[in-house]
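**Student:** got a predicted structure here, sequence first:
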Amino acid sequence: MHSRWTKTRWHYIVNIGLVLVLAATVVMGCASPAAPTATPRPVKTAKPTFTPVPEVTKEQPTEAPTSLPTATREPEPTGTPLPTEEAPPATEVPANTPEPTALPKPTEGPELPPVPPAKGLRMASPEYGMQAFLWWHPEVASRDLQVIDGAGFGWVKQGFGWRDIEPKKGVFDWSHTDWVVYTCNEVGLDLVVRVDHQPQWVGGGYPTNGPPDDYEDLGDFLYAVASRYKGRIRAYEVWNEPNLAREWGGRPPNPGDYARLLQIAYRRIKEADPDAMVISAGLSPTGTYSEIAMPDDIYLDNLYQAMQGSSEGYFDVLGVHGAGYKVAPETDPNEVASNPDLGGHRFFCFRRVEDLRAIMMKYGDNGKQIALLEFGWTSDPRPDSPYNWHAVSEEQKADYFVRAYQYAEEYWSPWIGLMSLIYISKHEWTENDEQYWWAISDPGWPEFQPRSAYEALKAMSK
């Protein structure tokens, strides 16, 4: 003990002496300044070029946009059936805040689950998925992943908020994504990540969810993510509902601009991970045609025009959204369109997906599959809720979910791929949250509290 203390004190005295000598040297150097040494500028490599796509002229709908139902059963102004997913906090990074540490990529080894075997770009018809919220509470997320796997579902959908991962250009915080990706690998679930919610430094109408001012910034970000998780993330959804202004930086929807963004995203993901599946953004089912929204069918047709009639180099799988609204999943869109009590428009039903499939076939895209990235029914009983007019009971919701998967397997095979329902409940939700009523479980921790929909989905044949 005494010997170690003496040695430590001796090193301390020596270090003080060295500091004094160094300080004297610096002072002497300042007396006779030398020519400054130029700091070399970083070399900026040229970004790969891509084939430009033409501007798309605003095509008027083939039929006048249908009026929304009366006030007693009126949906959202945009006709959007699904509630808005919570955006990550829009907090500015102060100039004097230390930059997050760019974590090194973990070394493959016994501490990480093995890279899953490549499954290719073709899915079974259908494949089964649920959306969960895995980001902030690992203990809840771990339970929910087990719950999804225990129901016999093979996919989980999770949002990757760009602003949470790259708060400054080239500076990444991988702490949340590492946990999400490696835990999904360990449980054995395929992961589809929705990438949007841009950081402040890229613009895009921040804090509104919107594309970056320079689309190549998103390409660089996706390249970094796909490089880090090569073989571990099976699919990427590039943005969300770009046919709504609220998801497009507050600007009018523009299929031509989204085509350019999608082309860059596709190229950069494939450069890093050729086996990763690129899915186009799910479109919001809506009949509104204005500065704040574009009907999903018209938007998709214009998107194909922007892609010059071919989705090659843009996406592997078409992403769509399809809520059931007030009716059973087998209900014919023609019946819904002719009945004002059911909404009075074709998009007010689960089989709206068939209209979007018809547009794919119009452009000869028969060989590619569709991923239904959001679908479900709400049981919202609140009279002042915009979703109340099409609410169903929890028992109906359970029955409709099972019948939706059965209908798709019988009539949509082989072109339907992933069908990802909403949601496993976020554990903080209350009855005042609109998302609460779309869920298939009740909030809570530590016990999982399934609703009848979860139990029915777990029991159905797959």
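**Tutor:** Done, it's in.
**Student:** tell me the contacts of the most centrally placed residue in the chain?
**Tutor:** The chain has R194 as the residue nearest its centroid, 1.4 Å off, counting by CA atoms, centre = their mean. Counting by CB atoms under 8 Å, 6 or more residues apart in numbering, R194 touches 157-160, 237, 239-240, 373. In this view, the C-beta of every residue, glycine as well, is placed from N, C-alpha and C.
**Student:** farthest-separated two in these?
**Tutor:** Q158 and W239 (15.1 Å; CB to CB).
**Student:** looking at these two now, which is surrounded by more residues?
**Tutor:** W239 (24 against 21; other CB atoms under 10 Å).
**Student:** backbone dihedrals for the more buried one, please?
**Tutor:** Per-residue torsions, W239: phi 80, psi -170 (degrees, to the nearest 10).
**Student:** and the pLDDT at it?
**Tutor:** pLDDT for W239: 98.
**Student:** same deal with the one 4 residues further on?
**Tutor:** Turning to N243, the model gives it a pLDDT of 98.
**Student:** dump the residue contacts of it.
**Tutor:** Contacts of N243 (CB under 8 Å, 6+ apart): 253, 255, 283-284, 286, 293-296, 299.
**Student:** can you put the residues you listed in TSV and add neighbour count and pLDDT?
**Tutor:** Below are those laid out as TSV (neighbours: other CB atoms under 10 Å; pLDDT from 0 to 100):
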residue	neighbour count	pLDDT
P253	26	98
P255	25	98
L283	28	98
S284	30	97
T286	29	95
A293	27	98
M294	30	98
P295	26	98
D296	26	98
Y299	26	98
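**Student:** so which of the residues you listed sit within helices?
**Tutor:** Those of the contacts of N243 mapping onto helices are 255, 296, 299, per DSSP state H.
**Student:** skipping its backbone neighbours, what lies nearest the first one in space?
**Tutor:** Spatial nearest neighbour of P255, chain neighbours left out: N302 (3.9 Å); criterion: CB to CB, 6 or more residues apart in numbering.
**Student:** is it true that that neighbour touches G256?
**Tutor:** Yes: between N302 and G256 there is a contact at 7.4 Å, judged by CB atoms under 8 Å.
**Student:** neighbour-wise, which of those two wins?
**Tutor:** Neighbour totals were compared for N302 and G256, and N302 leads with 22 against 17 (other CB under 10 Å).
**Student:** just give the number of residues close to G367.
**Tutor:** As a burial measure, G367 scores 10 neighbours (other CB under 10 Å).
**Student:** against P414, how distant is it?
**Tutor:** Separation of G367 from P414 (CB to CB, to the nearest Å) stands at 10 Å.
**Student:** then E428?
**Tutor:** 40 Å.
**Student:** returning to that earlier point: could you look up the SS state of the residue nearest to P255?
**Tutor:** Using DSSP: H, G, I helix; E, B strand; the rest coil, the structure places N302 in helix.
**Student:** A226 too?
**Tutor:** Applying three-state DSSP: A226 is helix.
**Student:** need the contact list for M460.
**Tutor:** Contacts for M460 were tallied using CB under 8 Å, 6+ apart; they are 402, 405-406.
**Student:** now rank these by neighbours and give me the top one.
**Tutor:** Neighbour counts for the contacts of M460 (other CB under 10 Å) peak at Y405, which has 19 neighbours.
**Student:** what strand or helix carries it?
**Tutor:** helix 394-411 (DSSP states H and E).
**Student:** how about residues contacting the following helix or strand past that helix?
**Tutor:** The helix or strand immediately downstream of helix 394-411 is strand 416-421, counting by DSSP H and E. Applying CB under 8 Å, 6+ apart, the external contacts of strand 416-421 come out as 122-131, 155, 157, 192, 235, 317, 353, 369-376, 401, 404-405, 408, 440, 457.
**Student:** give the pairing partners of strand 416-421; include direction for each.
**Tutor:** Using DSSP bridges, strand 416-421 pairs in its sheet with strand 127-131 (parallel), strand 370-374 (parallel).
**Student:** after it, next one along is what?
**Tutor:** Moving toward the C-terminus from strand 416-421, the next element (DSSP H and E) is strand 441-442.
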